[in-house]
Structures are given as structure tokens and as C-alpha cells.
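Visitor: Kindly generate the corresponding structure for this input.
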Amino acid sequence: MTTKAKIELFSIQNKTTLDTSLRNYKGYVMPCEFKNYLDDIEQFEVREDDVWLTGFPKTGTTWLQEMVWLIENNLDYEGAKMDLNYRFPYLEFTPIIQYRLRSVPDEVCGSIPNSVRELANMEERRFIKTHLPWELLPLQIQNGSVKPKIIHIIRNPKDVCVSYHHHGKLFPGYRNTLEQDVNAFLSDTMPYTPFWSNILSYWTKQSHTNLLVMTYEQMKKNLPASIRKVANFLGKDLNTEQVAGLQRHLCFENMQRNKAVNFQPMIEAFKNMKLYKECPGSFMRKGIVGSHKDELSQDIIKIMNTWIAQNTLNTNLKFDEFFVNVTQRR
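Guide: Numbering: from 1, shown residues only. Purely as a prediction, here's the structure:
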């Protein structure tokens, strides 16, 4: 059977229907709770000095957030000890966490603040993370009436898919198997999908002078060059010593141990509330390019390769150039 026939058969046999807790908004899958925030996000007042970091979940947004915040804040490592969620808030955090914790009783979770309104009311300079596609961003960004700096990150979707599955296991009550999540990822039935529509919504806008696109793989291959590229985009000039210091801070081992960015306090809180039946793992697991090969079967990899080829066929996103030829496996 040809690879093309296999992906067609796979799609028929494993097509995942949209969960009742999810809905389609402008062509993208989001939790039902998102409807309560859609208007506020569309009408969100953007500021010229905002810095926005965008990317599909598990593409390296946390890593890049830490880099961007430190570059823009003059390498304030003391200030970076504050939790990243406070320094660089997640725009649609509230509907996503409501969705993720839907199996947990309200009295256990307590009230969850409105992340969109909190950001709207923030007086200090804002650093904003979102996984939303271009079509769901504030209208002022979409129509170009306000042009904040936007940095978008993309990553090999095979690594993204596996990492997204393990990310789901961090939340109490998550029962999906890896195969189920691969099915949902390819069937566009998990939050923020379709994957290709999401990343291409930014990729096709690289003519915008306020948008920079980065790849996880290139950051892994040459972190100092990536630091300089981001710094240059932000109008900052770092010397060799400063770049080396930031590189040390951002290395995977240090990020994995850093409680300001590794979400370990959240995991420990869930453990203390006895919400896990088994150890969920960690937010930062491996940080290795190509680690999907350790968990996906060769048949699934072939199917995903065909899916990738089909979705990049009529684009200038050269998959081999950006993802395949950059190897950092240990």
C-alpha cells in the first residue's frame, strides 16, 4: 500500500469527532468557554509598545518568552525570578484552564481571574503570549491599525504532536492515549487546530515589518545566533558576554530546573490536592529535536510525513529546510 493510500485509510479509520467541550470559531477548534472571551479579544486595545509572542502550543513559546523578556528588560535575571506567567501573561489563559480543569470540582480550583481583562487593565508595559491564529487576534493587529512587535515560533509538527500529548497529561483527568492524540491532531479536533492553518496564518505575513518568525529547530542548532536575531528585531544590541550569559540561562537543563518557567509549582499543587492517579511527568521533558522518533511508530511517521507534504505543497515553507535537516538528537 502506498503512503498516500495509508494516510487516506488512516483518516477514515481513525477520524476523531469534535468533543462536546470544543467548538469551531472562524475555522479553528477552541474550548466552548472561549465564546465568552471572543468579543473581548477581538476588541482588545493593542498598544504600540506591546510585545506579542505567538505560536501553536508546544512549539517552544515558553523558551522564547524567557528570551524575549530578558532581552527587553536589560537582562534582569533577578526580575526573571518572578513567575513567567506574571511577567509574560497568556492572553486566553482563562478559557483554556477552564477547559483543562473541567473534571475538577469548582471548590477545589477556586475562582479563575479573567486573563483578557487583566491584560487589558495592565498599566505597565505588556508582554503577551497567545497560541491563537492570526484570524483570532485583536482586530487592531489584523487590520494593521496598531503594530506591536510580534514574534512567532514554529516547530516540527511530529515533535509538537508528541509534546502536546504529554502536556495534556499534566492536567488532572486527562486519559487520552498517544494514538488518540495523534488522531485528534491529524483530524483537527484538538484545541488550536488545524495546525497548518494556524502556523501559515503567520508564515504568509512575513512581509509585515513588525513580525518575526523563528523556528524551534534553528534555536536549538544555534542559540547565540537566535538571541542576536531576536535582539536585533527588538532594537537591542547585546555584546558577546551578554549573549553568552543569556545562552547559559536559556539552556534546556537550566530552564528545566527554573521554577519561574517550568510550571512545577502548578504540578506540585495538583499533587498536593491529590488530583493525580499517577505521576504526570514534567512540563519540560526532553527539549530534543526529533524526539518523536522515540514514541511514534514508523507507519505513523510515514503518514505524518505525507500529511506534512500535502499541507506545505503550495507554500514557500520548505519543510526539509526548516525541520528535517536540523538535528540535535543526543
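
Visitor: what ranges do the helices span in the stretch 201-330 of the chain?
Guide: 216-221, 223-233, 240-250, 252-257, 264-272, 298-312, 319 (DSSP state H, counting those that start in this stretch).

Visitor: Strands along the protein, start to end?
Guide: Taking DSSP state E as the test, the strands found in the chain are 22-25, 28-31, 51-54, 127-130, 149-154, 211-215.

Visitor: Asn183 - how many residues pack around it?
Guide: 20 (other Cβ atoms under 10 Å). Where C-beta positions appear, they are placed from N, C-alpha and C, glycine not excepted.

Visitor: got the strands of the chain as CSV, with distance to Asp181 columns?
Guide: Formatted as CSV, these follow (distance: least, Cβ to Cβ, whole Å):
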stretch, distance to Asp181
strand 22-25, 14
strand 28-31, 13
strand 51-54, 22
strand 127-130, 22
strand 149-154, 19
strand 211-215, 23
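
Visitor: For those strands, could you give me JSON lines that also reports mean neighbour count, distance to Phe319 and mean pLDDT?
Guide: Shown next, in JSON lines, are the strands of the chain (neighbours: other Cβ atoms under 10 Å; distance: least, Cβ to Cβ, whole Å; pLDDT from 0 to 100):
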{"stretch": "strand 22-25", "mean neighbour count": "16", "distance to Phe319": "27", "mean pLDDT": "94"}
{"stretch": "strand 28-31", "mean neighbour count": "22", "distance to Phe319": "22", "mean pLDDT": "96"}
{"stretch": "strand 51-54", "mean neighbour count": "24", "distance to Phe319": "20", "mean pLDDT": "98"}
{"stretch": "strand 127-130", "mean neighbour count": "22", "distance to Phe319": "24", "mean pLDDT": "98"}
{"stretch": "strand 149-154", "mean neighbour count": "23", "distance to Phe319": "11", "mean pLDDT": "98"}
{"stretch": "strand 211-215", "mean neighbour count": "20", "distance to Phe319": "11", "mean pLDDT": "97"}
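
Visitor: Return the distance of Thr315 relative to Tyr216.
Guide: 18 Å (Cβ to Cβ, to the nearest Å).

Visitor: For Glu78, give its distance to Ala260.
Guide: Distance from Glu78 to Ala260, by Cβ to Cβ: 11 Å.

Visitor: Comparing these two, which residue is more hemmed in?
Guide: Ala260 (18 against 7).

Visitor: can I assume the more buried one is in contact with Ala80?
Guide: Yes. Using Cβ atoms under 8 Å, Ala260 makes contact with Ala80 at a distance of 6.4 Å.

Visitor: Look up how far Pro133 lies from the closest residue to Ser163 other than its chain neighbours.
Guide: Nearest residue to Ser163, sequence neighbours excluded (Cβ to Cβ, 6 or more residues apart in numbering): Lys58, at 4.0 Å. Between Lys58 and Pro133 the distance is 15 Å, computed by Cβ to Cβ.

Visitor: Same question for Arg100.
Guide: Computed as Cβ to Cβ, the Arg100 to Pro133 distance reads 19 Å.

Visitor: With neighbour numbers in mind, choose between these two.
Guide: Neighbours per residue, other Cβ under 10 Å: of Arg100 and Pro133, the larger number sits with Pro133, 23 against 18.

Visitor: So what's the residue count around Glu124?
Guide: Going by other Cβ under 10 Å, the residues that sit close to Glu124 add up to 5.

Visitor: Got phi/psi on it?
Guide: Note on Glu124: backbone dihedrals following degrees, to the nearest 10 are phi -80, psi 170.

Visitor: what about it, distance to Cys251?
Guide: To Cys251, Glu124 is 29 Å away according to Cβ to Cβ.

Visitor: neighbours around Pro194, how many?
Guide: Pro194: 21 neighbours (other Cβ under 10 Å).

Visitor: Please verify my assumption that it contacts Asp188.
Guide: Yes. Pro194 lies in contact with Asp188 (Cβ under 8 Å); the separation is 4.3 Å.

Visitor: Name the nearest residue to Gln242, ignoring sequence neighbours.
Guide: Leu75 (6.0 Å).

Visitor: my bad, should have said Lys81
Guide: Ala260 (5.6 Å).

Visitor: Please name the residues that touch that neighbour.
Guide: Contact analysis of Ala260 by Cβ atoms under 8 Å, 6 or more residues apart in numbering lists 80-84.

Visitor: Highest neighbour count among these?
Guide: Counting by other Cβ under 10 Å, top hit in those: Leu84 with 21 neighbours.

Visitor: Ignoring the adjacent residues along the chain, who's closest to that one?
Guide: Using Cβ to Cβ, 6+ apart and skipping residues adjacent in sequence, the residue nearest Leu84 is Val261, 4.7 Å away.

Visitor: Now for the residue most central in space within the chain: which residues touch it?
Guide: Compute the mean C-alpha point of the chain, and by Cα atoms, centre = their mean the closest residue is Pro57, 2.6 Å away. Residues in contact with Pro57 (Cβ under 8 Å, 6+ apart) are 131, 160, 164, 167, 191-192.
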